[in-house]
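J.: Okay, here's the prediction I keep looking at, along with the sequence it came from:
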Amino acid sequence: MQEKYLLSIKETSDLFGIGQHRLRELVRDDYECKYHLMIGRVIRIKREPFEKFISKVEQI
């Protein structure tokens, strides 16, 4: 999983220790699509931009 660029909600949840419900809320608030991508109805998290986002915020 270390080499994947796009992660599913479950993979992101397992990797970062954030609940799937909270991740879906974060994606819903990401209006500029900075760290997520929609492939049809499937949500994919862009790993590197999401890591940068996580490192900047103090509270989720």
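T.: Now that the structure is in, tell me what you want to look at. For clarity, every value in this text was computed on a predicted model and none was experimentally measured.

J.: pretty sure L15 contacts L7?
T.: Yes. Between L15 and L7 there is a contact under C-beta atoms under 8 Å: 6.8 Å. For the C-beta atoms, the positions are set from N, CA and C on the backbone; glycine is no exception.

J.: More neighbours: which of these two?
T.: A direct count of neighbours by other C-beta atoms under 10 Å for L15 and L7 places L7 higher, at 21 against 16.

J.: from the chain's centre, how far out does stretch 45-54 sit?
T.: Relative to the centre of its chain, stretch 45-54 is centred 6 Å away, using C-alpha atoms, centre = their mean, to the nearest Å.

J.: Sketch out the strands for this protein, chain order is fine.
T.: 6-7, 36-39, 42-46 (DSSP state E).

J.: in the protein, which ranges drop under the pLDDT threshold?
T.: 1-2 (pLDDT under 70).

J.: Which residue would you name as the spatial centre of it?
T.: A centroid search over the chain (C-alpha atoms, centre = their mean) returns I45, at 3.9 Å, as the residue closest to the centre.

J.: Next, work out how far apart that one and H36 are.
T.: Distance from I45 to H36, counting by C-beta to C-beta, to the nearest Å: 6 Å.

J.: intersection of neighbour lists for the two?
T.: Shared contacts of I45 and H36 (C-beta atoms under 8 Å, 6 or more residues apart in numbering): V27.

J.: Determine how far stretch 25-45 lies from the middle of the whole chain.
T.: Using C-alpha atoms, centre = their mean, the offset of stretch 25-45 from its chain centre is 7 Å.

J.: Could I get the buried residue list for that stretch?
T.: For stretch 25-45, a neighbour-count test (16 or more other C-beta atoms under 10 Å) marks 26-27, 35-36, 43-45 as buried.

J.: Residues in contact with it: which ones?
T.: Applying C-beta under 8 Å, 6+ apart, the set of residues contacting stretch 25-45 is 6-9, 11-12, 18, 23-24, 46, 49-50, 52-53, 60.

J.: what ranges do the helices span in this protein?
T.: In the chain, the segments counted as helices under DSSP state H are 9-16, 20-29, 47-56.

J.: Lovely, talk soon.
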